[in-house]
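[1] sequence? don't have it. structure:
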């Protein structure tokens, strides 16, 4: 069931998210970046995830302290294909754009473990 599950208060929690992958992030090249939390992404299905060193990107919005997110834009991005039975970890400061379609849009369920690192 989608939603937030607290595992250790705000130190460690799990977000269960259902969505359809799309190409909008692929076209906008808008990457999210966190300052306090590391993300562990586990997906059922398949999606493309863009990532880059934030020093190679341009900040495109102010930091939202409550959501621990800021957005960056840029080109020359790297990517990975995240498939079922795989995971990826993004540490604070590592910009990433998940949820992009790989070959064709598809419904996925994603588990995102959020681990406070400060």
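    Sure, I can see it. The shown structure was predicted, so the numbers you read here are calculated from the model rather than taken from an experiment.
[2] which stretches of the protein form helices?
    24-28 (DSSP state H).
[3] Against residue 98, how distant is residue 47?
    From residue 47 across to residue 98, the span is 6 Å (Cβ to Cβ, to the nearest Å). No exception for glycine: its C-beta is placed from N, CA and C like everyone else's.
[4] oh sorry, the question was meant for residue 11
    Taken as Cβ to Cβ, the span from residue 11 to residue 98 is 22 Å.
[5] Have a look at the two and say which one is more surrounded.
    Ranked by neighbour count (other Cβ atoms under 10 Å), residue 11 and residue 98 place residue 98 first, with 25 against 12.
[6] follow-up on the earlier one: so what sits against both of residue 47 and residue 98?
    82, 110 (Cβ atoms under 8 Å, 6 or more residues apart in numbering).
[7] ok, now how distant is the residue nearest to the spatial centre of the chain from residue 116?
    What sits nearest the mean C-alpha location of the chain, by Cα atoms, centre = their mean, is residue 98, with 4.6 Å. Going from residue 98 to residue 116 by Cβ to Cβ gives 20 Å.
[8] quick one: low-confidence ranges for this structure?
    Residue ranges of the chain with pLDDT under 70: 24-29.
[9] what about the strands in it?
    3-8, 12-20, 30-33, 37-44, 46-53, 58-59, 70-73, 78-83, 87-90, 94-100, 107-116 (DSSP state E).
[10] quick one, which of the ones you listed is packed in tightest?
    Among the strands of the chain, strand 94-100 has the highest mean neighbour count (mean count of other Cβ atoms under 10 Å), at a mean of 22.
[11] Could you tell me which other helices and strands that one packs against?
    With contacts taken as 3 or more Cβ pairs under 8 Å, 6 or more residues apart in numbering; DSSP states H and E, strand 94-100 sits against helix 24-28, strand 30-33, strand 46-53.
[12] how far does it sit from the chain's center?
    Relative to its chain's centre, strand 94-100 lies at 4 Å (Cα atoms, centre = their mean, to the nearest Å).
[13] angle of it against strand 78-83?
    With axes from the mean of the first three to the mean of the last three Cα atoms, to 10 degrees applied, the angle from strand 94-100 to strand 78-83 works out at 50 degrees.
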